[in-house]
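> Here is a sequence with its predicted model. Questions after.
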Amino acid sequence: MLKPKFFILISSVLLLSSLLFAQAGAPKTGAASPAAKTFGTAKTASTTAASANLPTVDEVNAYMKRNFGYDPSVTWEVLDIHDSGIAGIPEIVVSINKREPFHLFYVASDQTAFVGQTLPFGPNPFAAARAKLKSAFGPSRGQQPSPIDIVEFSDLQCPHCKKAAPIVEKLLSDFPQVRFIFQQFPLPASLHPWAYKAAEYADCAGQMNKDAFWKYVDAIFDNQGGIALATADDKLKELATSVGLDAEKVSACAASPVADARVQKSLDLGHSLNVNQTPVFFINGRMVLGFGDIPYDNLKALVQFEIDNAGR
């Protein structure tokens, strides 16, 4: 029996073509890449090859090359291949030209692929997500206990996350009774080279001084354009000092296995909720994408609606 989800299924050819046109301004980095890297808990090529139910990385690359190999400006990366939770339909996460990932759903029985998103279904559709989010452990703000939680999965190198930050501030001002939790979710280094390092630094900042954490995140967002992988340690320490943190202690913590384990734990939580882009918000368990592009009055109405339906 299928789990209570329902599909938005769109023609793969049409949607993939539109993705390419929309990304025409992306960096042109040469011929299509056959390389594939794992994304969080993604399965490697050797692992997927051992599973009869999942396509291999090589098979996905062959599919992409056959569709888009005519254009040398198009590159892609297979970020993840995993069970979608719906019998017989694996989920593949692909990034084109280092842009936001998209989902391919592969129907093995008839060799068909669809682009889309699975949505929870039923009279209490967000209960499963709420249950998983009880283990959210990032820095939090707001009232406790709260009628609902807003949980953000964020990447500190992500410009869309930077855009969302002042909107979050406004919502928390308008809804002081709501608790907000910030979870680290750095995207792969091939997309955001210094994001993982920044996540470790910020996680340590939150462990040392929860009030300074929020200032530190804002400082990183404000200086995104001035941070590069080669100089990230120096810049992240400088920003730590600017918000009153002990930069050497933060740096030492960020280099420790403990910080790495906490960031991985946050990534694992996000993956368990089908997060594969940033920012992703969960409002009372409801996944909200495109947060920075939603009219503010609509966001307010959504938060109030979820408060009125708390726990449902």
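Perfect, I can see it now. Worth saying up front: this structure is predicted, and the values here are computed from it rather than measured.
> end-to-end on stretch 268-277?
13 Å (Cα to Cα, to the nearest Å).
> Tell me how far residue 292 lies from residue 167.
Applying Cβ to Cβ, to the nearest Å, the value for residue 292 to residue 167 is 6 Å. Yep, even glycine has a C-beta here, placed from its N, CA and C like the rest.
> Please apply the same query to residue 261.
Taken as Cβ to Cβ, the span from residue 261 to residue 167 is 31 Å.
> quick one: which of the two has more around it?
Neighbours were tallied for residue 261 and for residue 167 using other Cβ atoms under 10 Å; the higher tally belongs to residue 167 (16 against 11).
> Just confirm the more buried one contacts residue 291, I think it does.
Yes: taking contacts as Cβ atoms under 8 Å, residue 167 lies within contact range of residue 291: 6.8 Å.
> Mutual contacts of those two, please.
Counting by Cβ atoms under 8 Å, 6 or more residues apart in numbering, the common neighbours of residue 167 and residue 291 are residue 299.
> give me the number of residues near residue 293?
Neighbour count for residue 293, taken as other Cβ under 10 Å: 9.
> where exactly do the helices run in this structure?
Listed in chain order, the helices of the chain (DSSP state H) span 12-22, 45-49, 57-68, 127-133, 159-174, 195-208, 210-222, 232-242, 247-254, 257-272, 296-308.
> Among those helices, show the one with the smallest mean pLDDT.
Lowest mean pLDDT within the helices of the chain: helix 45-49, a mean of 36.
> Between the two ends of stretch 286-297, how far is it?
Counting by Cα to Cα, you get 18 Å between the two ends of stretch 286-297.
> Give me the distance from that stretch to the chain's centre.
The chain centre lies 15 Å from the centre of stretch 286-297; the measure is Cα atoms, centre = their mean, to the nearest Å.
> Identify the residues contacting it?
For stretch 286-297, the surrounding residues in contact (Cβ under 8 Å, 6+ apart) are 125-126, 129, 160, 163-164, 167, 170, 273-274, 277, 279-282, 299, 302, 306.
> Recalculate using a threshold of 6 Å.
Contacting residues not belonging to stretch 286-297 are listed as 126, 160, 163, 164, 279, 281 [Cβ atoms under 6 Å, 6 or more residues apart in numbering].
> Quick one: buried ones out of these?
Using 16 or more other Cβ atoms under 10 Å as the burial test, these include 126, 160, 164, 279, 281 as buried.
> Reformat the residues you listed into a markdown table and put distance to residue 77 next to each item.
Output for the buried ones among the contacts of stretch 286-297, formatted as a markdown table (distance: Cβ to Cβ, whole Å):
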| residue | distance to residue 77 |
| --- | --- |
| 126 | 31 |
| 160 | 19 |
| 164 | 24 |
| 279 | 20 |
| 281 | 25 |
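> That's all I had, so thanks and see you.
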